[in-house]
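[1] When you get a sec, could you give me coordinates for this:
(one chain, ligands or ions: 1)
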Amino acid sequence: MAIELPIALPDTLLSRLSDFLELQIGLHFPRERWRDLERGIAAAARESGYKEVQAYIHWLLAAPLTRTQIEGLASHLTVGETYFFREKRSLDILEQQILPELLRARAPAEKHLRIWSAGCCSGEEPYSIAMLLDRLIPDLEKWNVTILATDINPQFLRKAAQGVYGEWSFRDTPGWLKERYFIKRQDGRFEIQPRIRRMVTFSYLNLAEDAYPSLVNSTNAMDLILCRNVLMYFAQERARKVVDKLHRSLVDRGWLITSPAETSTVLFSAFTAVAFPDAFLYRRMVNAGPQTAAVTHPVPWYQGDWEATAPRAPAPAEPSEPAAFSVALSTFAPEVPYEAVAEQATESEDANSPEHDEHDERETPQCKARACADEGRLAEASAWCEKAIAADKLNPAHYYLLATIEQERGQNEAAERALGRALYLEPDFALAHFSLGNLCLSGGRQREARRHFGNALTLLRACPTDALLPESDGLSAGRLAEIIAAVQASLPHAHKVHKELAT
Ligand SMILES: C[S@@+](CC[C@H](N)C(=O)[O-])C[C@H]1O[C@@H](n2cnc3c(N)ncnc32)[C@H](O)[C@@H]1O
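    Below is the predicted model of the structure:
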């Protein structure tokens, strides 16, 4: 048995350090976790080349942390405990009740679904959701499914994007899982099927610090958020703020799933707590105050051909490239031609048309577009954007908003066109260059993506780092430059790109 060494660092220093980390990263280290803090900070000091842990801590405390320092510390101070189909009871409820209800509601019209695994660790949680959806939706290729998975620890994110796991990630999982969704490698590890890996987009996001909900990082209009075994590492006040932002990231009637250990009537008072046998889950109900509801009977959602849902033969092995570790990008595939939807939405909303309420600031077409986008009504959002453009054709912000909405709808060509117009009107629009880079990246055009990211970086470096970028929901120039640098670093090297282009 390992012998626990006594805590060696002075209490005063540990106390200052834990206050500092709480403020800067949101990581909470009460006295009971000081041993973990000591161990983690000693490893971080070694990595930074410090022989003296105390000297390293004094150096950290001297100034606000940079993003690189935050990432480095997060790699040593976060807890990476996770496995496939963890806390199976919640996932059973998801599979038998929540997802079927959502799918039934969405099947007749816009077949879209937005899910966020917040604090996704090395990917086992979002991939479990992707597998559930694969089992539940017989015509998955017709659906626009976004599974966004975010974490503060870049090492976890890199492992997640690789999608290669050892036996320990499969403790407590059903036997069929490996057979159906993994390829056994020669080194005895298991690689996730590429089609499941492609369903998930991994992205860096600090829940304590970053802006959300936001169209910019695609954290808006979620149908379902899993934030399990994450809030327990935050101080109460911080957890309250995070829960408030998660609440706003959900659509009306959207669900939040936490760990059973995190259930709290106080923390989740803005939600309706829904009691399932053996579990409480939380639901955002816009027109209902906090209340508790009980659900007992599962309802089947799919009344079509169940044959098609029978276990599928494993897909043939495909070249194994890691999933993109970058900013969140929607993976929607369009269902209905965009123009038709826009027309439809325009017609159905004539009673509320802009002419009737042009004096109220909140009622401008662009505000309505944003409000619709926040609620996941993307076709309406797009139609309001078109109205904003018709009324003010020279405003690049309207085209940028349209591009963001079109991207969420999977209308990438329309999004690119709108960004092109925004940049024609405002060539220094750094955020538009960045979005264009992301679109190129998702289309496999890496050389073009690099060019757009380069343009954005040149513009951002000419701004003060703390200058807030227009249309960004509070993103600073310095922060976007860091994000772009991280995306660039995750791209294959230039010689690999040449090879790609040659094939
Ligand atoms: C114990 S794991 C939980 C993983 C998974 N949700 C599950 O339940 O199996 C906690 C995760 O939260 C992440 N985390 C901690 N603080 C965070 C923050 N401020 N922002 C984003 N992620 C954070 C950690 O890096 C870690 O991956």
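[2] so how far is stretch 451-467 from its chain's centroid?
    Using C-alpha atoms, centre = their mean, to the nearest Å, the distance from the centre of stretch 451-467 to the centre of the chain it belongs to is 24 Å.
[3] Please name every helix or strand in contact with whichever strand or helix holds residue 274.
    Using DSSP states H and E, the element containing residue 274 is strand 272-276. Counting contacts by 3 or more C-beta pairs under 8 Å, 6 or more residues apart in numbering; DSSP states H and E, strand 272-276 is packed against strand 279-283, strand 292-294. Any C-beta I mention is one placed from the backbone N, CA and C, and that applies to glycine too.
[4] Where among those is average confidence lowest?
    The minimum mean pLDDT among the helices and strands packed on strand 272-276 belongs to strand 292-294 (a mean of 59).
[5] Show me which helix runs longest in the protein.
    Assignment by DSSP state H gives helix 446-461 as the longest helix of the chain.
[6] Residue numbers of the protein in contact with the ligand?
    Contact residues, the chain versus the ligand (C-beta under 6 Å from any ligand atom): 26-27, 78-82, 86, 119, 121, 125, 151-153, 156, 206-208, 228-230, 233.
[7] residues contacting residue 17?
    Shown in contact with residue 17 (C-beta atoms under 8 Å, 6 or more residues apart in numbering): 29, 37, 41, 57, 60-61.
[8] Please indicate which of the residues you listed are buried?
    29, 37, 41, 57, 60 (16 or more other C-beta atoms under 10 Å).
[9] can you redo these as CSV with distance to residue 256, secondary structure and pLDDT?
    Converted to CSV, those look like this (distance: C-beta to C-beta, whole Å; DSSP: H, G, I helix; E, B strand; the rest coil; pLDDT from 0 to 100):
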residue, distance to residue 256, secondary structure, pLDDT
29, 25, coil, 92
37, 29, helix, 94
41, 32, helix, 94
57, 36, helix, 94
60, 33, helix, 92
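[10] Pick the one among these closest to the ligand.
    Proximity of the buried ones among the contacts of residue 17 to the ligand (C-beta to the nearest ligand atom) peaks at residue 29, which lies at 11.7 Å.
[11] Quick check, the closest one in contact with residue 38.
    No. At 9.5 Å, residue 29 does not count as touching residue 38 under the criterion of C-beta atoms under 8 Å.
[12] what's the overlap in contacts for these two?
    With C-beta under 8 Å, 6+ apart, residue 29 and residue 38 have common neighbours residue 14.
[13] Assign a three-state SS to the residue lying closest to residue 120 once chain neighbours are set aside, would you?
    Closest residue to residue 120 apart from its sequence neighbours, by C-beta to C-beta, 6 or more residues apart in numbering: residue 149 at 3.7 Å. The three-state label given to residue 149 by DSSP: H, G, I helix; E, B strand; the rest coil is strand.
[14] ok, what's across the strand from residue 149?
    In this structure, residue 149 bridges to residue 117, residue 202 when assessed by DSSP bridges.
[15] Is it correct that it is in contact with residue 123?
    Yes. Counting by C-beta under 8 Å, residue 123 is a contact partner of residue 149 at 6.4 Å.
[16] what touches both of those two?
    In contact with both residue 149 and residue 123: 160, 200, 202, using C-beta under 8 Å, 6+ apart.
[17] Any figure for the gap between the last one and residue 487?
    For residue 202, the distance to residue 487 (C-beta to C-beta, to the nearest Å) stands at 12 Å.
[18] How about residue 51?
    34 Å.
[19] more neighbours, those two?
    residue 487 (22 against 8; other C-beta atoms under 10 Å).
[20] got a pLDDT number for that one?
    So, for residue 487, pLDDT stands at 75.
[21] what's downstream of the lowest-mean-pLDDT helix or strand in the chain, the next helix or strand?
    Least confident helix or strand, the chain: helix 338-348 with a mean of 32, by mean pLDDT, DSSP states H and E. Counting by DSSP H and E, the element after helix 338-348 in chain order, helix or strand, is helix 365-374.
[22] Can you spell out which helices and strands pack onto that next one?
    Right, helix 365-374 is packed against helix 378-391, helix 396-408 by 3+ C-beta pairs under 8 Å, 6+ apart.
[23] any idea of the angle the longest one forms with helix 365-374?
    When axes from the mean of the first three to the mean of the last three C-alpha atoms, to 10 degrees is applied, the directions of helix 378-391 and helix 365-374 differ by 170 degrees.
[24] what does the shortest one give?
    Computed with the same axes, to 10 degrees, the direction of helix 396-408 lies at 20 degrees from that of helix 365-374.
[25] helices or strands next to helix 396-408 in the packing?
    Against helix 396-408 (3+ C-beta pairs under 8 Å, 6+ apart) you get helix 365-374, helix 378-391, helix 412-425, helix 430-442.
[26] Comparing the ones you listed, which comes out most buried?
    helix 430-442 (a mean of 24; mean count of other C-beta atoms under 10 Å).
[27] Please export the C-alpha coordinates of that one as PDB.
    This file holds the C-alpha atoms of helix 430-442, laid out as PDB (Å, rounded to 0.1, in the frame of the first residue of the first chain):
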ATOM      1  CA  ALA A 430     -11.400  39.300 -37.800                       C
ATOM      2  CA  LEU A 431     -14.200  37.100 -36.600                       C
ATOM      3  CA  ALA A 432     -15.400  36.600 -40.100                       C
ATOM      4  CA  HIS A 433     -11.900  35.600 -41.300                       C
ATOM      5  CA  PHE A 434     -11.900  33.100 -38.400                       C
ATOM      6  CA  SER A 435     -15.300  31.700 -39.300                       C
ATOM      7  CA  LEU A 436     -14.300  31.300 -42.900                       C
ATOM      8  CA  GLY A 437     -11.200  29.400 -41.800                       C
ATOM      9  CA  ASN A 438     -13.400  27.100 -39.800                       C
ATOM     10  CA  LEU A 439     -15.700  26.500 -42.700                       C
ATOM     11  CA  CYS A 440     -12.700  25.600 -45.000                       C
ATOM     12  CA  LEU A 441     -11.400  23.300 -42.300                       C
ATOM     13  CA  SER A 442     -14.700  21.400 -42.000                       C
END
